[in-house]
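Colleague: Kindly return the folded structure for what I paste below:
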Amino acid sequence: MRATLQVGAALTVALMAGCGAERPPVPVAARVPWVRVERCLLTIPDPRAGAAARAELVRDIGRYLARQPGRIVYAARDRITGITLGHGEHQHDMITASGVKVDILTALLLRRARLGEDERDLASRMIRESDNSAADALWWRVGAGEGMSGFYRKVGLSETTPGPSRYWGGTTTSPADRLRLLKVLIGGDKGLGADRDLVLGLMGDVVRDQAWGVSAAARRGDRVALKNGWTPRPFIHNTWAVTSYGRIVGPGRDLLLSVQTDQQPGEGSGIQAIEGLARMIGTRLDSLSPVRIRPCAAEPTA
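Modeller: Numbers count the residues shown, from 1 in each chain. Predicted coordinates for the structure are as follows:
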């Protein structure tokens, strides 16, 4: 009986196969594409850490300045973060020397809709090469001391006084006013014409041996526009006045910086003091606006 049943089952299977019955499907592993899920992170300002970093930097700058000869005053402002630093920034009896050449060109631009070809050549030599003859020529075209006084009133440089007669290099100013002048050039306000970009462009293309100074605050890849000044002062104990101011722009940074010195034992001493201070500020500026990174809160589920 059992043998009969087994034979019957075998015949049934054979008949089904012969009639083309479908076989059950065989499972196949599916290849699902890999998807990267970005982690959600929040960037949160850390004012407490920023205040501590600022206090430490101000303390270190104070110690640095105390070790330098002569007088050193400065002002710094980052236009992106709003951070400001300064010491003696309103000291307005600091000699500008060739630093005033930017003032002369800016004053000329307020008098002209556009500069003539000869004036553009004079402007280029005056800013890029710090050519004194070019400065002499343009000083008289802007009305010398009287014309410059009017210019300073118009643009709000209340801490700047033009040099007497033909002595444009005797103009006195403050670090705060140097930053105000840069803001006028950047903003293009106070009635500046179409040639206003010329000034910052020339400041960004000074000859190599005059690119020292506040450029020491720049990181690799930052763009720098500056003007320096230096002059012996034989009647002030045979010392020197050395100045540097400008704009440093790069990722996350738009720094305006002015450093002015006098009563320096030599030009080199003034340059070294300026660059040491600029380097401290440029290296540690980012630490004054620190942030904390934390994951986003989990989204609510239904």
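Colleague: Name the residues of the helix ranked longest in the chain that are buried.
Modeller: Using DSSP state H to define each element, the chain has its longest helix at helix 47-66. For helix 47-66, burial by neighbour count (16 or more other Cβ atoms under 10 Å) applies to 50, 53, 54, 57, 61, 65. C-beta coordinates here come from the backbone N, C-alpha and C atoms, glycine included.
Colleague: How are the strands of this structure distributed by residue range?
Modeller: For the chain, applying DSSP state E gives strands covering 41-45, 71-78, 84-87, 94-95, 172-173, 223-233, 239-250, 253-264, 291-295.
Colleague: Among the buried residues of helix 47-66, which one sits closest to residue 77?
Modeller: Nearest to residue 77 out of the buried residues of helix 47-66 is residue 54 (Cβ to Cβ; 13.6 Å).
Colleague: And for the closest one, nearest residue in space, chain neighbours not counted?
Modeller: What sits nearest to residue 54 in space, not counting adjacent residues and going by Cβ to Cβ, 6 or more residues apart in numbering, is residue 288, at 5.1 Å.
Colleague: Could you do residue 143 as well?
Modeller: Distance criterion Cβ to Cβ, 6+ apart; nearest residue to residue 143, sequence neighbours excluded, is residue 150 at 7.2 Å.
Colleague: for the closest residue in space to residue 79 that isn't next to it in sequence, what are its contacts?
Modeller: With sequence-adjacent residues excluded and distances taken as Cβ to Cβ, 6+ apart, residue 79 is closest to residue 254, at 4.0 Å. Residues near residue 254 by Cβ atoms under 8 Å, 6 or more residues apart in numbering: 78, 79, 80, 247, 248.
Colleague: Then residue 267?
Modeller: When contacts are counted by Cβ under 8 Å, 6+ apart, residue 267 touches 230, 232, 240, 242.
Colleague: change it to 7 Å
Modeller: 230, 240, 242 (Cβ atoms under 7 Å, 6 or more residues apart in numbering).
Colleague: now swap in residue 273 and tell me
Modeller: Contacts of residue 273 by Cβ under 7 Å, 6+ apart are 68, 72, 261.
Colleague: Could you tell me which of the residues you listed count as buried?
Modeller: 68, 72, 261.
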